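>>> Got a sequence here, can you model it:
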Amino acid sequence: MTEQHMRPAQPLVMGPDEGRELPMIGRVAVSGAQTGGAFELIDFRGNVACPPPHIHREREECIQVLEGLFTFTIGTEEVEVAPGSWVYVPRGTRHGFTASADARALILVTPAGLEGFFAELGGGLAAGTPTQELRAALKGRFDSVPA
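Numbers count the residues shown, from 1 in each chain. The predicted structure is shown next:
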């Protein structure tokens, strides 16, 4: 971890619309820099940037579906997940999801480290770069390995 991520986090109160916008993704509600690298929280909106199956070797995710319909791939299983549900993905677990256009979910990543992936993916999609080309360029970076 970098020296910045090793510093203790400070208490934080975020307003409902604060955080960094991520084009085509949603926003970073709480960043890794704000938590000393402990976690980051992504407010995911829409269905443009739904992730195909992949694995994180060093990170875990906990996702709460807030709105819309989600279909998660967990290992080799597909599970439909309704609003109000939680999905926990331990490190090393193959996972991905598709969602409806009105989808919204909170994605907790621990330890922090995927914010850069979401920023590059969203920025590329907003610039019109084809999804497959972006995902190929991001392959294996940010602890996200296609599976």
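>>> helices and strands of this protein: which one has the lowest mean pLDDT?
Of all the helices and strands that make up the chain, helix 3-6 has the lowest average by mean pLDDT, DSSP states H and E, namely a mean of 48.
>>> next SSE after it?
Per DSSP states H and E, the first helix or strand lying C-terminal to helix 3-6 is strand 20-22.
>>> and that next one, average pLDDT?
For strand 20-22, the per-residue pLDDT values average out at 94.
>>> what about the strands in this protein?
Ranges of strands in the chain, per DSSP state E, are 20-22, 26-30, 40-45, 54-55, 60-67, 70-74, 77-81, 86-89, 95-99, 104-110, 145-146.
>>> Now do residue 49: how many residues are near it, please.
Residues lying near residue 49 (other CB atoms under 10 Å) number 21. No exception for glycine: its C-beta is placed from N, CA and C like everyone else's.
>>> Could you say which of the strands of the chain is packed most deeply?
Neighbour counts (mean count of other CB atoms under 10 Å) averaged over each of the strands of the chain peak at strand 40-45, with a mean of 23.
>>> Please work out how many residues are found near residue 85.
For residue 85, using other CB under 10 Å, the count is 15.
>>> so what's it up against?
Residue 85 makes contact with 64-65 under the criterion CB atoms under 8 Å, 6 or more residues apart in numbering.
>>> ok so, going back, need the strands of the chain in JSON lines (columns: distance to residue 132).
Below are the strands of the chain laid out as JSON lines (distance: least, CB to CB, whole Å):
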{"stretch": "strand 20-22", "distance to residue 132": "20"}
{"stretch": "strand 26-30", "distance to residue 132": "22"}
{"stretch": "strand 40-45", "distance to residue 132": "20"}
{"stretch": "strand 54-55", "distance to residue 132": "14"}
{"stretch": "strand 60-67", "distance to residue 132": "23"}
{"stretch": "strand 70-74", "distance to residue 132": "18"}
{"stretch": "strand 77-81", "distance to residue 132": "21"}
{"stretch": "strand 86-89", "distance to residue 132": "23"}
{"stretch": "strand 95-99", "distance to residue 132": "15"}
{"stretch": "strand 104-110", "distance to residue 132": "22"}
{"stretch": "strand 145-146", "distance to residue 132": "11"}
